[in-house]
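Peer 1: let's see this in three dimensions:
(2 chains)
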There are 2 protein chains.
Amino acid sequence: MNFEAHKPIVMLNKEDAAELDLMPLERVLLRYGKKECIAIVNISKTTVKEGEILLSINVQNELCIKKPSIITALPASPPKSLDFIKKRLNGTELTKSEILSIIQDTVDNKLSDIELTAFVISLEHFPMSIDEATYLSQAMIKTSRRLKLGKGAIYDKHSIGGVPGDKTSILVVPIVASFGLTIPKTSSRAITSPAGTADRFECIAPVELEIHEIEKVVKKTKGCLVWGGAVDLAPADDMFIKIEYPFSIDPFLLPSVMSKKKAAGAKYLVIDIPTGDETKVKSIKEFNKLSRGFIELGKRLGIEVRTLSTYADQPLGHAVGPALEAREALSTLMWKRPSIDLVEKACAVAGVLLEFAGHKNGKKLAMHSLESGKAYRKMKEIIKAQGGNPDIKPSDIKVGKHVVKVKSKSSGIVEWFDTKAVAEIARELGAPKDKGAGIYFHKKLRENVKKGDTIFELYAEKRHKMKRALSALKKKDIMNVDTKFDMVLETYPEETRDRYYFILER
Amino acid sequence: MNFEAHKPIVMLNKEDAAELDLMPLERVLLRYGKKECIAIVNISKTTVKEGEILLSINVQNELCIKKPSIITALPASPPKSLDFIKKRLNGTELTKSEILSIIQDTVDNKLSDIELTAFVISLEHFPMSIDEATYLSQAMIKTSRRLKLGKGAIYDKHSIGGVPGDKTSILVVPIVASFGLTIPKTSSRAITSPAGTADRFECIAPVELEIHEIEKVVKKTKGCLVWGGAVDLAPADDMFIKIEYPFSIDPFLLPSVMSKKKAAGAKYLVIDIPTGDETKVKSIKEFNKLSRGFIELGKRLGIEVRTLSTYADQPLGHAVGPALEAREALSTLMWKRPSIDLVEKACAVAGVLLEFAGHKNGKKLAMHSLESGKAYRKMKEIIKAQGGNPDIKPSDIKVGKHVVKVKSKSSGIVEWFDTKAVAEIARELGAPKDKGAGIYFHKKLRENVKKGDTIFELYAEKRHKMKRALSALKKKDIMNVDTKFDMVLETYPEETRDRYYFILER
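Peer 2: Alright, predicted model coming up:
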């Protein structure tokens, strides 16, 4: 019998476990011929009989077992890193070698989920010191694959996420590369948002490249837009995300971001920190604190960092969802009906990188690169190098065939967006899995609306997902049009709302 | 294909999970005919094909599915209690109803292991307030079965553990019951120690009784010595122990102890708190703090509590291991070669309970009950009522046939015991699973030893376990004989040792 697990696991009969003095989640050493493997113990009352042991597929592979066989099982000690996790639970800061041991065992799948959870929660409750953040970053870099791009300075950007429709990177990369600066952008796929940059750009060109292919693209064009997951940058982080996600916590933010950037070779880095009620960072005070962390950690890792607090109270541009966003990014690059807030943000971010390189008036230069078509020409090079069609047009990008226009019931101005609800509805529509699903906003904050105007359109690839989204929309508004300007910002006690939610994206 | 899990779990293909927008460890609602069930999502790449779903045996039972069938799967919300766990991670104290929700979902197996871990670690890092401890106790009582023993006052004792060979309860119960007081003692089996009271007494009489049987025994004899696990007292606690164990932490100590006592109906309770270097409670200051917690929590639950700090630097009595300890407890009750420290401790504990009942000089009375054979006669009644042979003699209790005498290499006095090592070696010998395995100490602290004297004997049922224990003994002493009295108590920096270990027992 085969069973699949993400850890090396065995199932032992209750009596055999007692005989070996093994509790659930303790370790067993397995020996088969000359092969050895340590696995985590699960205990069975009925499925596994006395004298039998059931091995997960990864254990079978490790031991090269292909059919039912006789193997030796002995009690084994837990990995040393468990002691270090206990030590931190006990309130003690960890040393460099202790942290490396935890990260190495995480990557090697030697720690059980409950052990990883204890470590993550410990870092949530007693936030890591700057030393610990440094050691964690270094350990995550050490256990990661790395891009090798030669000697020139490398520029990079990162957003900690939280704004639906944020396709800034797709503009920043060609702008910056069009000035001859190297910017090897690796991006994530969506975790809780309707689209990650990798999901978006995949509608324009392939993003799952091997490391040597990425190196080739970057050497040729100076830029790239690829999925970081395909090249296993910071594998430890992927395991921590799985634990953080159910709790909407993110204690690894600093080392997670910085280790990935360092693994890609970054020397200069701009970090976009969307700031607002519905994002991780709610105030300028919090922004300042987080910025100090990034800058200090950057110093220790040899990365010069600048951070930007950006507006986060509405979607960026008009489109939310992979294909719709890809269309918007591409047409903005082609300078056809560019989205103004998107252009503004992309130029601000690119401008910082240009100024790192010694240019003056970075933002103005960035804008010129866009307006002149220089950035778009660079983008065509990148698309081609990544294996896409450089002549792709926005209309070539397929969007969902089920479309519903939503009209305003009243005249007035757009008063607010609920960006969390925007993300939820876009996911109900099928994003990010269904690339053509999403929302297109015709009206944005403070715009005038007449009764009957289309305020947004819903796109879905599948009819049942459209139905599902429409019924969710009945319960929750994603934007609001009102005749009067509301002077009351908040009431106390405030309405109940889900305080623990944010868009986990990195 | 059947797979056994301790939670309701399904395995979905990666593509189907994406289609349902489900991450690992999120929930899915399953529908089959009129049956519904919520399960935790695991994701498979190979074992489960698209369109297939693999159900754990408990899910199959819940849905009454007996063969491969078509079922409906929909994304489901996480249990509300997850929000309360997040709330506590966020640093907020929980209310009564929030705690009840978490405990109810724990007992109903609705929370995943990582969710339970987050809750446990949260309580370890930010210890529960006395209000939270009260709510936790009440919730654990509410989700527990209860003993119904009529209206009379109920007396009970508890030890938080940490001393190998602590068979005090086997003496306390018959002493107290011999005065007509009701003492329905439920005990645990060993978790990390070589024997729990249930393991010990099982060598004398059956301990796995149904609730109605226990009630019958207690109504007849006023006392009992049974395994609490058989009657499912505080099922939530068993799940928390599983999480606490790998980390050697015990944040639930107060509500765990008190809820079990309340579920058994206790009105008066004495708690034995072994105090010393190798136990949970290391100093009188810590003892005082813990005592205040027990007493205050007792007040809120309607239990009058007294605590005793007891000596913990050597095993209690001479025997360690279920059968050896049962022999020692029985012969002490029969007043044949009684172990003096065991008698002293048992009478002190029983004395407190007798004084609760209005007796004066409780300890003296307890001693008289032992010396006069009154306690032993009561014990025979209890053994008989529980279904054992009341005429059982110490020599009837079988001990391991492999015996090794360990002799002193020098003359001097016994200077120290390493109680942790004692427990480890006893477990290597096979205790608690092999009831006849254990250690018998011929010499105790401060006793004079001549070179060549037997200082202890090892007992094992199985030869390979004896070998294993002997090789472990080569690496670690469990006791030490020296010619001079050592005036140095501690050096700084101290030797490295495992700081995070204690014997988890409750």
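
Peer 1: low-confidence stretches in chain A?
Peer 2: Counting by pLDDT under 70, chain A contains low-confidence ranges at A:1, A:484-506.

Peer 1: just checking: what are the partner strands of the longest strand seen in it?
Peer 2: The residue-count maximum for a strand in chain A (DSSP state E) belongs to strand A:35-44. Neighbouring strands of strand A:35-44 in its sheet, by DSSP bridges, are strand A:9-13 (parallel), strand A:27-32 (antiparallel).

Peer 1: all strands of the stretch 201-350 of chain A, in order?
Peer 2: If you assign secondary structure with DSSP state E, counting those that start in this stretch, the strands in the stretch 201-350 of chain A sit at A:223-227, A:268-275, A:304-311, A:319-320.

Peer 1: other SSEs contacting the last one?
Peer 2: Counting contacts by 3 or more Cβ pairs under 8 Å, 6 or more residues apart in numbering or on different chains; DSSP states H and E, the secondary-structure elements packed against strand A:319-320 are helix A:322-333, helix A:419-428, strand A:438-441. Quick note: C-beta positions are derived from backbone N, CA and C, even for glycine.

Peer 1: go again with 7 Å.
Peer 2: Strand A:319-320 sits against helix A:322-333, strand A:438-441, with contacts defined as 3 or more Cβ pairs under 7 Å, 6 or more residues apart in numbering or on different chains; DSSP states H and E.

Peer 1: tell me the residues of chain A that contact chain B?
Peer 2: Applying Cβ under 7 Å from any Cβ of the partner chain, we find that chain A lies next to chain B at A:1-4, A:18-19, A:21, A:23-25, A:44, A:46-47, A:82, A:86, A:89-90, A:113-115, A:117-118, A:121-122, A:124-126, A:242-243, A:245-249, A:427, A:433, A:500.

Peer 1: rewinding a little: run the chain-centre distance for the longest strand of chain A.
Peer 2: What separates the centre of strand A:35-44 from the centre of its chain is 32 Å, taken as Cα atoms, centre = their mean, to the nearest Å.

Peer 1: then stretch A:133-148?
Peer 2: Centroid separation between stretch A:133-148 and its chain, computed with Cα atoms, centre = their mean, is 17 Å.

Peer 1: residue A:134 in helix, strand or coil?
Peer 2: Going by DSSP: H, G, I helix; E, B strand; the rest coil, the secondary structure assigned to residue A:134 is helix.

Peer 1: distance of it relative to residue A:226?
Peer 2: From residue A:134 over to residue A:226 the distance is 27 Å, taken as Cβ to Cβ, to the nearest Å.

Peer 1: so those two - more neighbours on which side?
Peer 2: Between residue A:134 and residue A:226, counted using other Cβ atoms under 10 Å in any protein chain shown, the more crowded position is residue A:226 (29 against 21).

Peer 1: ok, now how distant is the more buried one from residue B:268?
Peer 2: In this view, residue A:226 and residue B:268 are 70 Å apart by Cβ to Cβ.

Peer 1: and for residue A:381?
Peer 2: Counting by Cβ to Cβ, the gap from residue A:381 to residue B:268 is 84 Å.

Peer 1: cool, residue A:307 as well?
Peer 2: In terms of Cβ to Cβ, residue A:307 sits 62 Å off from residue B:268.

Peer 1: and if you look at residue A:74?
Peer 2: Taking Cβ to Cβ as the measure, residue A:74 falls 48 Å from residue B:268.

Peer 1: now residue A:268
Peer 2: In this structure, residue A:268 and residue B:268 are separated by 71 Å, where distance is defined by Cβ to Cβ.

Peer 1: now residue A:462
Peer 2: 66 Å.

Peer 1: the more surrounded of these two?
Peer 2: For residue A:462 against residue B:268, the residue with the higher neighbour count under other Cβ under 10 Å is residue B:268, and the figures read 22 against 17.

Peer 1: tally of neighbours for the closest residue to the more buried one other than its chain neighbours?
Peer 2: If you skip the residues right next to it in sequence, residue B:268 has residue B:356 as its closest partner in space, 4.1 Å away by Cβ to Cβ, 6 or more residues apart in numbering or on different chains. When neighbours are counted by other Cβ under 10 Å, residue B:356 registers 20.

Peer 1: please enumerate the helices of the stretch 51-200 of chain A.
Peer 2: Per DSSP state H, counting those that start in this stretch, the stretch 51-200 of chain A carries helices over the ranges A:57-63, A:80-89, A:96-107, A:113-125, A:130-142, A:168-177, A:197-201.

Peer 1: check which helices and strands the shortest one sits against.
Peer 2: Packed against helix A:197-201, as judged by 3+ Cβ pairs under 7 Å, 6+ apart, are the following elements: helix A:168-177, strand A:223-227, helix A:322-333.

Peer 1: so which of those is nearest residue B:236?
Peer 2: Closest approach to residue B:236 among those (Cβ to Cβ): strand A:223-227, 42.9 Å.

Peer 1: paired strands for that closest one, with orientation please.
Peer 2: Each strand that pairs with strand A:223-227, with its direction, by DSSP bridges: strand A:183-187 (parallel).

Peer 1: the residue of the stretch 251-400 of chain A found nearest chain B - how many residues pack around it?
Peer 2: Residue nearest to chain B within the stretch 251-400 of chain A: residue A:251 (10.3 Å; Cβ to the nearest Cβ). Using other Cβ under 10 Å, residue A:251 has 22 neighbouring residues.

Peer 1: before we move on, the earlier item: save the helices and strands packed on helix A:197-201 as JSON lines, and put in distance to residue A:298 too.
Peer 2: What follows is these, written out as JSON lines (distance: least, Cβ to Cβ, whole Å):
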{"stretch": "helix A:168-177", "distance to residue A:298": "18"}
{"stretch": "strand A:223-227", "distance to residue A:298": "21"}
{"stretch": "helix A:322-333", "distance to residue A:298": "28"}
